[in-house]
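*Asks:* have a look; sequence and predicted model below, questions after that.
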Amino acid sequence: MNIIEVKNLTRKFKELTAVDNISFYVAEGEVFGFLGPNGAGKSTTIKMLCTLLQPTSGSGRVAGHDIVKEPARVREHIGLVAEKIILYDRLTALENLMFFGSLYHLPKKEIKVRAMKWLKALEMDRWADKLTGTFSTGMKQRVNIARALLTEPEVMFLDEPTLGLDPQTSRSIRDFIQDLHEHGVTVILTTHIMPEADELSDTVAIIDRGKIIAIDTPKNLKLSLNKENATLEDVFLQLTGRDMREETHEEIPSARSGRHMFGGKSRIR
Amino acid sequence: MKNIMRVITDSLRMARKDLLDFARDRMQLVFFIIMPIFMMIMTGFIFPTENSLKDIPLGIANQDTGQMSVTMTQVLTDMKTSNGDHIFTVKTYSDADSIKDAIKSQEIHGGVYIASDFSQMIQQNQQATVSIIPDQSNPQISQILTQLLQQVISGTSTGVAQTKVGEIIKLSAAANPELGQINPATIIQPIQSTIDDLIPGNPNYFQFVAPGIMALIVMMSVMTGLAVSVSREREAGTMDGLLIAPVSRLSIILGKALSQTARGMVQGMVVLLLAILIFGVHVYGNWLIMIVLLFLGVFAFMGIGILVSAVASAQESAMTMMMTFQFPMMFLSGVFFPIQQMPQFMQYISKIIPLTYEATALRKVIVLGAGFTAVWTEILILLIFGVVMLAIAVPTFRRVITR
C-alpha cells in the first residue's frame, strides 16, 4: 500500500518553478531518501506534503488524505523535523513537548508518558526540566525529534536531521531512524550526506531543478553506473553534474518580503 | 459548538505558552516595566508647569527711590511657587542696558527696569512706566516670565488705583453723600471672574498627559508585541510547528491576541499605578469604565497588529512598519498636545485615528470623572473600528500564513 502518492505536483514562485510536475509513490513503512542539490525543490516538496505550502497545481495524498482538500486530516498523521528546530528556547524540554502534544488534543497524562518515553529513547530524559535554549544543537535536535514523534505519526518527515551535528549525535540519530523503520514508521528523509542516505533508505529519489531524475533502490542506482564499488555519491554526481548550484530563494526572509510585501498566493517560502 | 470550544481551548494554550515564554525573558520583562516609567518621567517633567519653574534668574534695575518701587521689587523677590520655592533669583543692575547685556550673556532670563521718575509720576497723577525686558531666545520661559511680571505690575497698579479712586470718592462725597458708599474696587474692576472647577484643585499637565500615555503604551505594546511575536515565530521556524498541528489558524492568531491583551492590560495598569503613586494623578472616574476602555483600546489595535504580522515576514520589517504607523498616531491623537491646537487638516486626520478616541475617553473618565453616558460614542467608535479591522485582518492572516 502506498502511504504517499504524489501526482504532477508543481509549485511556482513567480518566475521560478521550484517543483516541476513531479509524481512518485512511497510505500508504507519504507525509508524514502529524498536527495538533490541545494535549491532542487526538496524542502518545497516536503512543505507541500506537510500542508505548509499550497501546490500551484497537481495533487498529493498523505496517509489517504488529500493535501489540498483535507489538510487538517493530513496533519493528524504526520510528524515534521524541519530545517529549523521547532522548539521554544525559553521553555524546558518537557514543557515544549507538553505544549506541542496538547495541540493534538491528547490527554495530558498520555502526553507526559509519551514525552518521557521519547526523551528516554533519545537519551534526553535527564534534561527534561532544563530550558531548551541552553542545549547544544545536538541536544535540541533530539528533543525536536521527540516532539515530532509525540503523536506517534505514521509518516515522519526528516529534513536534514543530522545537519550540523557531531559524528556521535549523527550516529545516534541514524540508529534512531533505523529503529523507527523497524517499528513500521514511514520516513521521508532529505540529506546531503550520501552514505547516510545509502545506509538508511529503502528507496532513493534524486530531484534536480524541480524534477525527479531518478528513483530506485540505492543498490539498483549504484549498479546502473556499471562501475566497480560505485557509491551513491558517484550516482548523485553523475546524475546532477559537478556544477555548484546557486540558491536563489528561501534564505533571507526580508528579501522575500521585499518582493512580495503584501503577501498574496505567490509568496516565496 | 464543539469546534468553538476547541478553538477557545487551543488559543488559551497558545496564549499560556506565549506568556510563559515572555515571563522567562528577563530582559524584556525589565524593559516592559522601565519603558512606561521613562515615558512618564519624560513627559511628566520635561514640560514646564508652574511648579517646575523656580529660581529663574531675573534682573532688576531700580533707579527710583520711592517706596512704591521698593515694595514691587520685594514682591518679586518673595514670589513663591505652591511648593514654597522662590520663583525668581533677583540680581540688581544699574540700568536697562546692563540688563540687556546680562540677558545676552545668559546670566538672567529677563529683566525689569524701573525709571528714576517712577514714584514722581505716580505722585503727580501721571502714568508711570515699568519696562519688562524678556529673553527672546527662550520663548517659553519669556512668555511665562512676562505673564508673571505683568501680574505683579498690574497688582501694584490696582493698589495705587484703589488709593487714588478712594481719594476721588471722598472728594465727591462732599458734593453728593450717596457717592461715599461706593467701594473703589467696583469702579476699577466692575466685572469679576470666578472659576468653578469640575474637580477640586488645579490639574497639571501630567494629569492631562497620563491618560493619553496609558492609551499610547497599550497601543504600542499590543501592535508591536503582536507583530514581533508572530514574525519571530516565523523566523525561528516554530510557526511551522503550530501550522502542522491539527489546530485552526484562528486559534493560533487568537492565542497571540490573547497573550498580547494580557500584556497590554498589565502595562496599562503599571502606567496607571506609576501615575498615581509617583506623579500624584488622581482618578476621578469609575475604575470599571476605565478598565473597559483600556480593554477596548487593546481590541481596537489588535486588527492592525495582526495585519502587520501577516504582511511582514521578518521582525525588522514588522518593527519598521509599526513605527511608521505609530509615530504619526502619537502626535496626532492628542496624547501630548491638545487636538484643538493643531491646524485644521491635521484635526481631520486625528479624527480617523482610534488612539484619539481612546485617549479622549480615558481623559474624560480619569480627569473629569465622566460616567458611561459621556464616553459611549468613543466606546462605540473603538468597538466598530476593532471589529472592522479584525474582519479584514483575520482572513488575511489565514490566507497568507499557508502561502
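*Replies:* It's in. These numbers were taken from a predicted model, which means no experiment stands behind them.
*Asks:* domain assignment for chain B?
*Replies:* Chain B resolves into domains spanning B:2-47+B:204-401, B:56-187 when parsed by automatic domain parsing.
*Asks:* is chain A contacted by the first one?
*Replies:* I take that to be domain B:2-47+B:204-401. Yes. Using C-beta under 8 Å from any C-beta of the partner chain, we find that domain B:2-47+B:204-401 touches chain A at B:6, B:10, B:13, B:17, B:20-21, B:24-25, B:234-238, B:240-247, B:310-314, B:316-317, B:396, B:399-400. Placement of C-beta: from N, CA and C, glycine included.
*Asks:* drop anything exposed from those residues.
*Replies:* B:10, B:13, B:17, B:20-21, B:24, B:234-236, B:238, B:240-247, B:310-314, B:317, B:396, B:400 (16 or more other C-beta atoms under 10 Å in any protein chain shown).
*Asks:* ok, and the closest non-adjacent residue to residue 245?
*Replies:* No chain in the question, so chain A it is. In space, and not counting its chain neighbours, A:R245 is closest to A:P37: 4.5 Å by C-beta to C-beta, 6 or more residues apart in numbering or on different chains.
*Asks:* please go with chain B instead
*Replies:* That would be A:L103: by C-beta to C-beta, 6+ apart, it lies 3.8 Å from B:A245.
*Asks:* neighbours of the one you found, how many?
*Replies:* 22 (other C-beta atoms under 10 Å in any protein chain shown).
*Asks:* need the pLDDT of the residue of chain B found nearest chain A.
*Replies:* Using C-beta to the nearest C-beta, the closest approach of chain B to chain A is made by B:G237 at 2.7 Å. Here the pLDDT value assigned to B:G237 is 89.
*Asks:* ok, A:S170 next?
*Replies:* Model confidence at A:S170, expressed as pLDDT, equals 92.
*Asks:* what ranges does the stretch 1-150 of chain A have for its helices?
*Replies:* With DSSP state H, counting those that start in this stretch as the criterion, the stretch 1-150 of chain A has helices at A:42-49, A:71-75, A:93-102, A:108-121, A:137-149.
*Asks:* got the angle between the last one and helix A:93-102?
*Replies:* Regarding helix A:137-149 and helix A:93-102, their directions subtend 30 degrees when assessed with axes from the mean of the first three to the mean of the last three C-alpha atoms, to 10 degrees.
*Asks:* ok, the residue of the stretch 101-250 of chain A found nearest chain B - contacts?
*Replies:* Using C-beta to the nearest C-beta, the closest approach of the stretch 101-250 of chain A to chain B is made by A:L103 at 3.8 Å. By C-beta atoms under 8 Å, 6 or more residues apart in numbering or on different chains, the contact set of A:L103 is B:D10, B:R13, B:L242, B:A245, B:P246, B:V247.
*Asks:* what ranges does chain B have for its strands?
*Replies:* B:56-62, B:88-92, B:110-114, B:130-134 (DSSP state E).
*Asks:* mind putting these in a markdown table, mean pLDDT and distance to A:F24 included?
*Replies:* What follows is the strands of chain B, written out as a markdown table (pLDDT from 0 to 100; distance: least, C-beta to C-beta, whole Å):
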| stretch | mean pLDDT | distance to A:F24 |
| --- | --- | --- |
| strand B:56-62 | 89 | 84 |
| strand B:88-92 | 88 | 89 |
| strand B:110-114 | 90 | 87 |
| strand B:130-134 | 90 | 86 |
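*Asks:* for chain B, list the residue farthest from the centre, please.
*Replies:* B:A175 (58.5 Å; C-alpha atoms, centre = their mean).
*Asks:* oh sorry, the question was meant for chain A
*Replies:* Farthest out in chain A is A:E228, which, by C-alpha atoms, centre = their mean, sits 31.7 Å from the centre.
*Asks:* distance between stretch B:295-308 and the chain's centre?
*Replies:* Using C-alpha atoms, centre = their mean, to the nearest Å, the distance from the centre of stretch B:295-308 to the centre of the chain it belongs to is 23 Å.
*Asks:* neighbouring contacts of that stretch?
*Replies:* B:215, B:218-219, B:222-227, B:230, B:253, B:256-257, B:260-261, B:264-265, B:268, B:318, B:321-322, B:325, B:354-355, B:358, B:362, B:379, B:382-383, B:385-386, B:388-394, B:396-397.
*Asks:* same check on stretch B:389-397?
*Replies:* Identification of contacts with stretch B:389-397 by C-beta under 8 Å, 6+ apart yields A:263, B:249-250, B:253, B:300, B:302-307, B:309-311.
*Asks:* tell me if I'm right that A:W118 and A:L150 touch.
*Replies:* Yes. Using C-beta atoms under 8 Å, A:W118 is in contact with A:L150, at 6.7 Å.
*Asks:* shared neighbours of these two, which are they?
*Replies:* Residues touching both A:W118 and A:L150 (C-beta under 8 Å, 6+ apart): A:L97.
*Asks:* distance from the helix ranked longest in chain A to the middle of the chain?
*Replies:* Longest helix of chain A, by residue count under DSSP state H: helix A:167-182. Here helix A:167-182 is found 15 Å from its chain centre; the criterion is C-alpha atoms, centre = their mean.
*Asks:* tell me what it is packed against?
*Replies:* Secondary structure elements in contact with helix A:167-182, counted by 3 or more C-beta pairs under 8 Å, 6 or more residues apart in numbering or on different chains; DSSP states H and E, are helix A:137-149, strand A:186-190, helix A:194-200.
*Asks:* what number of residues lie near the closest residue to B:I291 other than its chain neighbours?
*Replies:* Spatial nearest neighbour of B:I291, chain neighbours left out: B:M265 (7.9 Å); criterion: C-beta to C-beta, 6+ apart. Residues contacting B:M265 under the criterion other C-beta under 10 Å number 18.
*Asks:* on the pLDDT front, check B:M265 for me.
*Replies:* 89.
*Asks:* also B:G166?
*Replies:* So B:G166 comes in at 87 (pLDDT).
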